[in-house]
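Visitor: 3D model of this:
(2 chains)
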2 protein chains.
Amino acid sequence: MQAVKVFNNNAVSVVMPDGREAILVGNGLGFGRRPGDVIDKNRVSKVYYVQNELQTKFLKMLDNVTPQVMQAAERISLAAEEQGILLSSKSTISLVDHISFALERVEKGTFLPNLMLSETRMLYPKEYAVGQRALELVRQFCGVQLPEDEAGYIALHLVAGAADGALAYDTVKFVKAVKEIICDTYHCTFEEESLETTRLTVHLKFLAARILRHTPWQDAGLESMYTVLLQRDSRNEVCLQRINAYLRQEFDYELDHQEQVYLLIHLTKIVR
Amino acid sequence: MQAVKVFNNNAVSVVMPDGREAILVGNGLGFGRRPGDVIDKNRVSKVYYVQNELQTKFLKMLDNVTPQVMQAAERISLAAEEQGILLSSKSTISLVDHISFALERVEKGTFLPNLMLSETRMLYPKEYAVGQRALELVRQFCGVQLPEDEAGYIALHLVAGAADGALAYDTVKFVKAVKEIICDTYHCTFEEESLETTRLTVHLKFLAARILRHTPWQDAGLESMYTVLLQRDSRNEVCLQRINAYLRQEFDYELDHQEQVYLLIHLTKIVR
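Guide: Take a look at the predicted model:
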């Protein structure tokens, strides 16, 4: 590093290798030096960087983050990358936040249940696996075992920080198409905010998750239900046929009776 | 601020009001000053802070965050606080990450669907409301309208960053108790990782959400189903009675036939 300004024997301003302005302080490092002279790194005892208000704010927020938490977060980002989950560099800081808060909760003995743990595991298996790896890494670097619920929170964090959502996109397309078939067949509309619509949507997403990952489904013998439900409304059969036609064409899949029973049960709340 | 060391006429080291060491640079601000003398703030042109390696790393990650995003994040934290959601100071940085990534996605035209949007709205209504307010604030400060899915991500972020989870805790207690009754009645165990267990768990959580918030449920006439299902297995009636007894005692609530049908349908997949 070359001196830009020599303040006195012990203080010199420089431009650091990464281009940032700094003032170096150290015994005698400015002695006899002029602008342009090389500064002896070994004499530097403190580095002061120019910092604007925003940066000052940031650092204040991160005041008590330990290097261990930072290391764990960096390793988790790496583990995510190995799974093909690309995150922004900022996401590591977000992980730091997650982890240090989770550690704080363990320390205080408060438990924050994750209500969407099971859905997260089901709908985002790749991110969830990284979440579990994260617990290992935190134990390794910080010496604390976080509860499984935190694996879910970390997974959600990875989901939110992802650059794209291919699997998610297919699921959304699937749900939208099936809902359109339903509306069209029964001439109904969905109240988006209602509990019933949410339940149907959740159901369709789980169905999509199974279809998109080709998980087989075993019939649990709901045949008697099937007949009862089909007879309740003549449009039911039409609707199921249309949905099956769509699934065959788009996903090479056909609903079995079991699955049709589930769907019709959910529909009874919406179709009047 | 009082001078600690005077390097020369233009550079003085001080301890800032927040206790951090800094070097102030400015024309003549050190002129005639000695340690302990007050430094004229108006002469300061640059502030250099001592910065360790970790802090340098942080700032690099946050390099291109704009003050607008920071302002929006601070206002969102405030909005969360007004709703009684207490966050750590670090959580604001996490919000900054969320928002700047969401803005990036809009800019690139990529869409990241949120598969848990409807569940988030249902299970965490308070956090979701703040998520929606967040979209307004981002529009106001950054001039960009983010999609509704991002409100869900921000809500999840608030959930993960919360200091406690009282409502969530009740829900978990509820789900656990009902599952224990089921296991005990049918002498069965749950495979925690299976799709069926997840679906039952999701169902129970939604039931809990309704019970805990005392949302009424309208009967959609599934009486025929009810009879068929009760007759399938003699233990069904026992199980429903035990669950109702628990709900009466703990939550002053009783399942109606509609709700019992739902529950039994989910149980058929688990109980053999």
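Visitor: Please name the residues that touch residue A:131.
Guide: Residue A:131 is in contact with A:120, A:150-155, A:158, counting by CB atoms under 8 Å, 6 or more residues apart in numbering or on different chains. C-betas here are computed from N, CA, C, even on glycine.
Visitor: and what of residue A:226?
Guide: By CB under 8 Å, 6+ apart, residue A:226 lies in contact with A:257, A:260-261.
Visitor: How about the helix or strand harbouring residue A:159, which residues are buried there?
Guide: Taking DSSP states H and E as the definition, residue A:159 sits inside helix A:148-160. Neighbour-count burial for helix A:148-160, with 16 or more other CB atoms under 10 Å in any protein chain shown as criterion, is recorded at A:149-160.
Visitor: which stretches of the stretch 51-200 of chain A have low pLDDT?
Guide: The stretch 51-200 of chain A contains residues with pLDDT under 70 at A:163-167.
Visitor: what are the ranges of the helices in it?
Guide: With DSSP state H, counting those that start in this stretch, the ranges of helices along the stretch 51-200 of chain A come out as A:53-61, A:67-82, A:90-108, A:117-123, A:125-142, A:148-160, A:166-186, A:195-212.
Visitor: now, of those, which is deepest in the fold?
Guide: Ranked by mean neighbour count under mean count of other CB atoms under 10 Å in any protein chain shown, the helices of the stretch 51-200 of chain A are led by helix A:148-160, which reaches a mean of 26.
Visitor: Show me what that helix packs onto, helices and strands only.
Guide: helix A:90-108, helix A:117-123, helix A:125-142, helix B:148-160 (3 or more CB pairs under 8 Å, 6 or more residues apart in numbering or on different chains; DSSP states H and E).
Visitor: Mind putting those into a markdown table with distance to residue B:251?
Guide: Output for the helices and strands packed on helix A:148-160, formatted as a markdown table (distance: least, CB to CB, whole Å):
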| stretch | distance to residue B:251 |
| --- | --- |
| helix A:90-108 | 26 |
| helix A:117-123 | 22 |
| helix A:125-142 | 31 |
| helix B:148-160 | 23 |
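Visitor: Helices - which of the contacts of residue A:226 land there?
Guide: In helices, judged by DSSP state H, the following of those are found: A:257, A:260-261.
Visitor: got a winner among the residues you listed for most neighbours?
Guide: Greatest neighbour count in these, by other CB atoms under 10 Å in any protein chain shown, goes to residue A:261: 24 neighbours.
Visitor: thinking it is in contact with residue B:264, fair?
Guide: No: here residue A:261 lies out of contact with residue B:264, judged by CB atoms under 8 Å, at a distance of 11.8 Å.
Visitor: picking that back up, right, and the helices and strands packed on helix A:148-160 - which one's nearest residue B:89?
Guide: helix A:90-108 (9.5 Å; CB to CB).
Visitor: Can you check what angle separates that closest one from helix A:67-82?
Guide: 130 degrees (axes from the mean of the first three to the mean of the last three CA atoms, to 10 degrees).
Visitor: What helices and strands are in contact with helix A:90-108?
Guide: On a contact count with 3+ CB pairs under 8 Å, 6+ apart, helix A:90-108 meets helix A:67-82, helix A:125-142, helix A:148-160, helix B:53-61, helix B:90-108.
Visitor: Measure how the first one sits relative to helix A:148-160, angle-wise.
Guide: Per the same axes, to 10 degrees, the angle that helix A:67-82 makes with helix A:148-160 is 60 degrees.
Visitor: Mind giving me the packing neighbours of helix A:67-82?
Guide: Packing partners of helix A:67-82 (3+ CB pairs under 8 Å, 6+ apart): helix A:90-108, helix A:125-142, helix B:53-61.
Visitor: In TSV, list these along with distance to residue A:169.
Guide: Listed next are the helices and strands packed on helix A:67-82 as TSV, based on distance: least, CB to CB, whole Å:
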stretch	distance to residue A:169
helix A:90-108	20
helix A:125-142	15
helix B:53-61	28
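Visitor: Point out the one among those helices that comes closest to residue A:34.
Guide: Here helix B:53-61 is closest among the helices and strands packed on helix A:67-82 (CB to CB), at 27.5 Å.
Visitor: chain center to the closest one, what's the gap?
Guide: Averaging C-alpha positions (CA atoms, centre = their mean, to the nearest Å) puts helix B:53-61 25 Å from its chain's average.
Visitor: Also stretch A:6-25?
Guide: Here stretch A:6-25 is found 41 Å from its chain centre; the criterion is CA atoms, centre = their mean.
Visitor: pLDDT (mean, whole number) over that stretch?
Guide: The pLDDT scores in stretch A:6-25 average 89.
Visitor: From the rest of the structure, what touches that stretch?
Guide: By CB under 8 Å, 6+ apart, the residues outside stretch A:6-25 that reach it are A:1-5, A:26-31, A:33-35, A:37, A:39, A:44-50, B:7-8, B:10-11, B:13, B:23, B:25, B:46, B:48, B:60.
Visitor: I'd like to know which of those residues are buried.
Guide: Counted by 16+ other CB under 10 Å, those give A:1, A:3, A:5, A:26, A:29-30, A:33, A:39, A:44, A:46-50, B:7, B:10-11, B:13, B:23, B:25, B:46, B:48 as buried.
Visitor: Which of these fall within strands?
Guide: Mapping the buried ones among the contacts of stretch A:6-25 onto strands (DSSP state E) picks out A:3, A:5, A:46-50, B:7, B:11, B:13, B:23, B:25, B:46, B:48.
Visitor: one step back: how about the helices and strands packed on helix A:90-108, which one is nearest residue B:82?
Guide: For residue B:82, the closest of the helices and strands packed on helix A:90-108 is helix B:90-108, at 14.8 Å, according to CB to CB.
Visitor: one step back: let's have the ones in helices among the contacts of residue A:226 in CSV, adding distance to chain B.
Guide: As requested, those are exported to CSV (distance: CB to the nearest CB, whole Å):
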residue, distance to chain B
A:257, 12
A:260, 12
A:261, 7
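Visitor: Let's have those in a markdown table, adding distance to residue B:246 and pLDDT.
Guide: Compiled in a markdown table, these are given as follows (distance: CB to CB, whole Å; pLDDT from 0 to 100):
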| residue | distance to residue B:246 | pLDDT |
| --- | --- | --- |
| A:257 | 33 | 83 |
| A:260 | 32 | 87 |
| A:261 | 27 | 85 |
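Visitor: Among the contacts of residue A:131, which pair sits farthest apart?
Guide: Farthest-apart pair in the contacts of residue A:131 is A:150 and A:158; separation 12.7 Å (CB to CB).
Visitor: mind checking how far residue A:116 is from residue B:11?
Guide: Between residue A:116 and residue B:11 the computed distance is 54 Å (CB to CB, to the nearest Å).
Visitor: err, residue A:206, not the other one
Guide: For residue A:206 relative to residue B:11 (CB to CB), the value is 65 Å.
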